[in-house]
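Visitor: Just to be clear, the model below is a prediction. Sequence and coordinates:
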Amino acid sequence: MSTKPSHNLVWNNKAECMPVKERRELQLKLLQDLVARLSVQSPFYRNLFKKHGVKPEDIKTLDDLRRLPFTVKDDLRDNYPFELFAAPLKDVVRVHCSSGTTGKPVVSGYTANDIDMWTEMMARSLTAAGASYRDVVHNSYGYGLFTGGLGADLGARKIGAVTVPMSGGVNNRQIMLMEDFGATVLTSTPSYALVLAETAAQMGVDIKTRIKLRVGVFGAEPWTEEMRAEIEEKLHLEAYDIFGMGEIMGPGVSIECPYHNGLHIQDDNFLPEIIDPDTGEPLPPGEQGELVITTLTKEAMPLIRYRTRDITRLTDEPCSCGRTGVRHFKLAGRTDDMLIIKGVNVFPSQIEGVLLRHGELAPQYVLVVDRVNNLDRLEIQVEATEEFFCSGQECIEQFTNNLHQEMQQMLYISSQITIVPPHTIQRSEGKAKRLIDKRIEAK
């Protein structure tokens, strides 16, 4: 990425550029207050602390965070819908939850103060990406129980931008309104951003000359640097990575600054750790592992040492933008997305990185994992571009053979590469469905 940023805007200089010593003192005070409060107000955590022999007075330094037990997603499911709330229901003003496609949804509650805090985090995030009251924010994150749409909406209104609450779908209308309303900022999942670029091309709309987009804020799913380059080329904007989880708050937990050297965690509200995903042991800055977050200021449903299942690494090295919070780097994947095929660990992001290096391929793919005669088999279905698909079967076969060898060198296992015609893989209006694991479906 360029070392010459297009801007260096900071929404809350006092909080985001706080001296490190002062920040750590604040984190410790907030952590102590949180543990003391949960010991009284949360039956779940009171019992969990008792089970692990932890008392509020045991938290004397930030290192004592390690004495506290983890919280995992099953805890949220097992206490559905409101048993994890640490505030009375009369003080809860909003709930969000996951889609619940695999059973009961995961619920998160918010007090009025939680909404104010979330709004502040999103205002900081959009400002870090260069958005301001001068912008028109075209918000294509889904509204409703999913946190993306309303989270981005809160931040865009806070900074005073014109906010277009589009949500996903009706792609032709999205392009028409981006042009007519003069959209300068796009917020969406990265996969949907590429769908919009494809739609504009099909409509004959030259994005470079007819649409004013200059910034994109993309999250809610892992995406690679190769996908960033693809989005920036097709939409003619600067792409920023934003991170959040509905369980924790929603989008705005962390955001890239214009130096694109990791995502700044809003760690006056969220205390991050990296652990070994197998042993649970803490790892030092710079080592890759599972991201764990403690919500320091959330009232309705705070979480202690929540295992996000996202794989990344932390750094506390100073950033040229002046923000002093800890940064995490682009997610390498999720522990629950990791595939074990023929005994080898495979992340979908590794496959995406290889596919998007090739201009002959469109950025639309799906992974199909099956088990045949007790042996795992991976098929990678990927779309060809219009031009490449018309180049002839012999050319496609030669390219497929070369791609197979390249993929084998990356993954250390063999896979079947299937190049399919353009526009045949189903598009997503939100989070892309990249994986079909028939081994699970067959159980």
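Guide: Arrived safely, thanks for sending.

Visitor: helices and strands around the strand or helix carrying residue 353, which ones?
Guide: In this assignment (DSSP states H and E), residue 353 forms part of helix 348-355. Applying 3 or more CB pairs under 8 Å, 6 or more residues apart in numbering; DSSP states H and E, we find helix 348-355 packed against helix 225-235, strand 361-372, strand 375-384, helix 393-411. Placement of C-beta: from N, CA and C, glycine included.

Visitor: JSON lines for these, including mean pLDDT?
Guide: Shown next, in JSON lines, are those (pLDDT from 0 to 100):
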{"stretch": "helix 225-235", "mean pLDDT": "96"}
{"stretch": "strand 361-372", "mean pLDDT": "90"}
{"stretch": "strand 375-384", "mean pLDDT": "91"}
{"stretch": "helix 393-411", "mean pLDDT": "92"}
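
Visitor: Indicate which one of the ones you listed is closest to residue 83.
Guide: Judged by CB to CB, the one of the helices and strands packed on helix 348-355 that comes nearest to residue 83 is strand 361-372, at 35.3 Å.

Visitor: From the chain's centroid, how far away is stretch 402-411?
Guide: 27 Å (CA atoms, centre = their mean, to the nearest Å).

Visitor: got the contact list for that stretch?
Guide: 344, 346, 350, 351, 353, 354, 358, 380, 414, 415, 417 (CB atoms under 8 Å, 6 or more residues apart in numbering).

Visitor: Go ahead and confirm the first one touches residue 413.
Guide: Yes. Applying CB atoms under 8 Å as the test, residue 344 and residue 413 come out as touching, 5.0 Å apart.

Visitor: which secondary structure element contains residue 84?
Guide: Counting by DSSP H and E, residue 84 is found in no helix or strand.

Visitor: Hmm, it is touching residue 46, no?
Guide: No. In this structure, residue 84 is not within contact of residue 46 by CB under 8 Å, at 12.0 Å.

Visitor: So for the two, which residue has more residues nearby?
Guide: Comparing residue 84 with residue 46 by other CB atoms under 10 Å, the one with more neighbours is residue 84, at 24 against 13.

Visitor: contacting residues for that one?
Guide: 42, 44, 75, 76, 301.

Visitor: what does the biggest helix by length in the chain contact?
Guide: Ranked by number of residues, the top helix in the chain under DSSP state H is helix 20-41. Residues outside helix 20-41 that contact it (CB under 8 Å, 6+ apart) are 18, 45-46, 49, 54-56, 59, 61-62, 65, 68, 86-87, 267-268, 271, 294-297, 302, 304, 316, 324-325.

Visitor: now the residues you listed: which count as buried?
Guide: Among these, those buried by neighbour count (16 or more other CB atoms under 10 Å) are 18, 45, 49, 54, 59, 65, 68, 86-87, 267-268, 271, 294-297, 302, 304, 324-325.

Visitor: now, which of these lie within helices?
Guide: 45, 49.

Visitor: And for residue 140, the neighbour number?
Guide: For residue 140, using other CB under 10 Å, the count is 28.

Visitor: in terms of contact, does it touch residue 183 like I think?
Guide: No. Using CB under 8 Å, residue 140 is not in contact with residue 183; the gap is 9.9 Å.
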